[in-house]
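A.B. asks: Show me how the following folds:
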Amino acid sequence: MQNTNKTVIKSMKLLHLFRTNPTLTLNEMVDAAGLPKTSVHRMVTSLEEAGLLQRDGTGSYKLGLLFLEFGQLVTERMDLRKIALPYMKELRDQIGEAVNLTIKDQSEALYIEKLDTTHPVRLFTKVGRRSPLYAGACSRIILAHMAEEDVETYLQEQKLTSYGNGTITDAAKLRDILSDSRKKGIAISRSELENGTTSVAAPIFDFKGEIAGGLSIAGPSERFSDDKIQQMIDQLKQASYEISKELGYKEPPL
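C.D. replies: Next up, the predicted model:
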């Protein structure tokens, strides 16, 4: 507890008051939290500016709409994992390699589910791992299907650092590969995040037709010949399409 930020802890104490109270005045927060009024006023002002609290016409406070956005995001991500898991199990059993599920989180891809291969030689990936959107098939398939202006902003702001001997660090080459992935509905990476590894990924779309995540098959490159990758692609794309349909996606498969 030595490294905790006391202001953050106290601010969370104020927010917790709203779990049982729809609205609270400043004085009611002071009394309930047992904190000095000046401190509460300062924290409430910051929370309001951040969108975590909202003041109504009477001067009382309630939780801000940002919580609604966060709640929707959490629900969507949990639903995606729940929907995808049976298809991931089927895919893993059919192909015998690890299957990963990722989503976009800020400027990174976040692994929210992983099913390991049955082979003794495995890759080091785990739920909660993050990777840059430009590196690795399961990350880059998300980047490829983002809005074009968002992709360009990302490429202009992102430093393309090498992680493996196959990492794409040339922006022009990366743009071409993203365009190709968008057209074909598939991304393939070789030694981009870790040397000696290969990954094949397909996009998952939501009911709005927007990218919701990436589904990939990954393993040691020695088990991913060109012929085997081609065999994987149809099964992978079908699985990602079925997941997309359950999310409300209406378009035909890529």
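
A.B. asks: switch to C-alpha atoms for all contacts and neighbour counts from now on
C.D. replies: Noted.

A.B. asks: Was I right to think Tyr213 contacts Tyr241?
C.D. replies: Small correction: residue 213 is Gly, not Tyr. No. Checked against C-alpha atoms under 8 Å, the pair Gly213 and Tyr241 is beyond contact range at 11.6 Å.

A.B. asks: Between these two, tell me which one has more neighbours.
C.D. replies: The neighbour count for Gly213 versus Tyr241, taken as other C-alpha atoms under 10 Å, is higher for Gly213 (29 against 22).

A.B. asks: Tell me the predicted confidence for that one.
C.D. replies: On pLDDT, Gly213 comes in at 96.

A.B. asks: And for the one 4 residues further on?
C.D. replies: Predicted confidence (pLDDT) at Ile217: the value is 95.

A.B. asks: surely it meets Leu101?
C.D. replies: No. Contact between Ile217 and Leu101 fails when scored by C-alpha under 8 Å: they sit 9.3 Å apart.

A.B. asks: May I have the beta-bridge partners of Ala202?
C.D. replies: Leu215 (DSSP bridges).

A.B. asks: quick one: it and Gly248, what's the gap?
C.D. replies: Noted for Ala202: a distance of 17 Å to Gly248, by C-alpha to C-alpha, to the nearest Å.

A.B. asks: Those two - which one has more neighbours?
C.D. replies: Legend: neighbour count by other C-alpha under 10 Å for Ala202 and Gly248, higher for Ala202 (30 against 14).

A.B. asks: Give me the distance from stretch 222-238 to the chain's centre.
C.D. replies: 24 Å (C-alpha atoms, centre = their mean, to the nearest Å).

A.B. asks: State the number of residues packed around Ser131.
C.D. replies: 21.

A.B. asks: I'd say it and Asp105 touch.
C.D. replies: No. Applying C-alpha under 8 Å, one finds Ser131 not in contact with Asp105, separated by 10.0 Å.

A.B. asks: Show me which parts of the helix with the most length in the chain are buried, residue by residue.
C.D. replies: Longest helix of the chain, by residue count under DSSP state H: helix 65-95. Neighbour-count burial for helix 65-95 flags 77, 80-81, 83-85, 87-89, 91-92, 95 (criterion: 16 or more other C-alpha atoms under 10 Å).
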